[in-house]
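Trainee: build me a model from this:
(2 chains)
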Protein chains: 2
Amino acid sequence: MTYADQVLWNKDGLVPAITQDALSGRVLVLAWMNREALETTVAEQRAVYWSRSRNKLWRKGEESGNILRLIEVQIDCDSDAILLKVEAVNGIACHTGRESCFFKTLHDDNWEIVESTVKKPKVIGP
Amino acid sequence: MTYADQVLWNKDGLVPAITQDALSGRVLVLAWMNREALETTVAEQRAVYWSRSRNKLWRKGEESGNILRLIEVQIDCDSDAILLKVEAVNGIACHTGRESCFFKTLHDDNWEIVESTVKKPKVIGP
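Mentor: Numbers count the residues shown, from 1 in each chain, chains lettered A, B, ... in the order given. Modelled structure (predicted):
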């Protein structure tokens, strides 16, 4: 049984993958992986997800250059969630041009943007 | 429109919630929330999830006492993932008695346990 066989894939064959900056600990992205995405992540040592909207393998940074280099892969106690620890080579993980996709914080019942863009979003691809 | 209306709930009415130690940055748990769980988390200032196995609201630590006190709630760019920053009052978030549910790391194609228990698992409830 391989490491990928031990993952509890959901009925769509996917598992949620949290991606965290290995150095700062900041959570950057929550995305999804199928078996091929996980195996490609490990083989290529970079974050590769499954795009549910485009229905294809998504090599993070393939257009933008904002690659997430793999440092470590972990799995949780139930084997139904993955944690990638990465180095964000350009310091940007979000398609909006921010370091992290988590840039809105709940304040007084409103989601407030608490982080500005590192780079203009129009120049950022997937 | 309330903050909960702005969450992109999936077809089961759920959203994945990453829970992170606010101080250390360590990712502790990936669990799921329905609308009631998110609203209860905010109202009670502690992590409250939706248990998909027990099909009911899950006030983390309700039996074990391992409460996760809420520090901050964030949402991602697509509004389909939540990030809770918490204080783990007993330093334990996993039902196995460990600080984090992510205690297995991929080494040479095997998931290896890299963290021991803080407390014996048999005394830990949900």
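Trainee: is stretch A:72-86 anywhere near chain B?
Mentor: Yes - against chain B, stretch A:72-86 shows contacts by CB under 8 Å from any CB of the partner chain at A:72, A:73, A:74, A:75, A:76, A:77, A:78, A:81, A:83. Every C-beta, even on glycine, is put in place using the N, C-alpha and C of the backbone.
Trainee: now these: which count as buried?
Mentor: Among those, the ones that count as buried by 16 or more other CB atoms under 10 Å in any protein chain shown are A:73, A:74, A:75, A:76, A:77, A:81, A:83.
Trainee: which phi and psi does the spatially closest residue to the third one that is not a sequence neighbour have?
Mentor: By that I understand residue A:75. Spatial nearest neighbour of residue A:75, excluding adjacent residues (CB to CB, 6 or more residues apart in numbering or on different chains): residue B:104 at 5.0 Å. The phi/psi pair for residue B:104 (degrees, to the nearest 10) reads phi -120, psi 130.
Trainee: now the nearest residue to residue A:60 once chain neighbours are set aside: how far from residue A:93?
Mentor: Using CB to CB, 6+ apart and skipping residues adjacent in sequence, the residue nearest residue A:60 is residue A:47, 4.4 Å away. Separation of residue A:47 from residue A:93 (CB to CB, to the nearest Å): 9 Å.
Trainee: same thing with residue A:116?
Mentor: 15 Å.
Trainee: and those two? which has more neighbours close in?
Mentor: residue A:93 (29 against 9; other CB atoms under 10 Å in any protein chain shown).
Trainee: okay, now residue A:106: neighbour count?
Mentor: 19.
Trainee: in its sheet, what does the helix or strand containing it sit against?
Mentor: Counting by DSSP states H and E, the element that carries residue A:106 is strand A:104-107. Using DSSP bridges, the strands paired with strand A:104-107 are strand A:110-113 (antiparallel), strand B:68-75 (antiparallel).
Trainee: centre of the chain to the first one, how far?
Mentor: For strand A:110-113, the gap between its own C-alpha mean and the chain's C-alpha mean amounts to 22 Å (CA atoms, centre = their mean, to the nearest Å).
Trainee: what of stretch A:36-52?
Mentor: 10 Å.
Trainee: which pLDDT value does the model give the residue lying closest to residue A:93 once chain neighbours are set aside?
Mentor: Counting by CB to CB, 6+ apart, residue A:93 lies nearest to residue A:28, which is 3.8 Å off, once chain neighbours are set aside. At residue A:28 the predicted local confidence, pLDDT, stands at 98.
Trainee: also residue A:118?
Mentor: Confidence score, pLDDT, at residue A:118: 88.
Trainee: which non-adjacent residue is nearest it?
Mentor: Closest to residue A:118 by CB to CB, 6+ apart is residue A:92, at 5.2 Å.
Trainee: contacts only, for residue A:81.
Mentor: A:15, A:16, A:17, A:18, A:75, B:30, B:101, B:102 (CB atoms under 8 Å, 6 or more residues apart in numbering or on different chains).
Trainee: same question, residue A:119
Mentor: Contacts of residue A:119 by CB under 8 Å, 6+ apart are A:90, A:92, A:97.
Trainee: and it, helix, strand or coil?
Mentor: Recorded secondary structure, residue A:119: coil (DSSP: H, G, I helix; E, B strand; the rest coil).
Trainee: any figure for the gap between it and residue B:92?
Mentor: 40 Å.
Trainee: go on, residue A:75?
Mentor: 19 Å.
Trainee: neighbour-wise, give me the winner out of the contacts of residue A:119.
Mentor: residue A:92 (22 neighbours).
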